[in-house]
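**Student:** okay, sequence plus prediction incoming.
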Amino acid sequence: MFLSLHIIIQGVVQGVNCRYQIKNYATENNLVGTVQNSAEFNQVEISIEGLEEKINKFITWLQTNPSYTRIDKIKILKKQKVDKLKYHNFQIIY
């Protein structure tokens, strides 16, 4: 069983390599999904899937404000358990 999340992070998250840091972390930890800048200023959207333990570690990692980011708020919009992964890798959407 896998966990699938759709997350919005807010703060200083655009123009500071946030998406690249997220992609690198996800890839290193066998998580799949996408990350993209939101239409809203200072927001990034993340769709991420993987083993529940690894997803929970990802959320904890986000709370440490990796690199030059300053994450003020993490909103989990959708959280569900899934049998099959929708994504095959982790990509940045431009």
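**Tutor:** Received the coordinates, thanks.
**Student:** show me the shaky parts of this protein.
**Tutor:** Nowhere does the chain drop to pLDDT under 70.
**Student:** mind listing the helices for it?
**Tutor:** For the chain, the helices defined by DSSP state H cover 18-28, 52-62.
**Student:** make JSON lines from the ones you listed and add mean neighbour count to it.
**Tutor:** All C-beta atoms are positioned from the backbone trio N, CA, C, and that covers glycine. JSON lines is the format used below for the helices of the chain (neighbours: other Cβ atoms under 10 Å):
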{"stretch": "helix 18-28", "mean neighbour count": "19"}
{"stretch": "helix 52-62", "mean neighbour count": "15"}
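**Student:** now distance to residue 5 too, for those, in CSV please.
**Tutor:** Shown next, in CSV, are the helices of the chain (distance: least, Cβ to Cβ, whole Å):
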stretch, distance to residue 5
helix 18-28, 12
helix 52-62, 6
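**Student:** so which of those helices is nearest residue 92?
**Tutor:** Nearest to residue 92 among these is helix 18-28; the distance by Cβ to Cβ comes to 5.0 Å.
**Student:** name the residues of the strand ranked longest in the chain that are buried.
**Tutor:** Taking DSSP state E as the criterion, the chain has its longest strand at strand 70-82. By 16 or more other Cβ atoms under 10 Å, the buried positions in strand 70-82 come out as residue 71.
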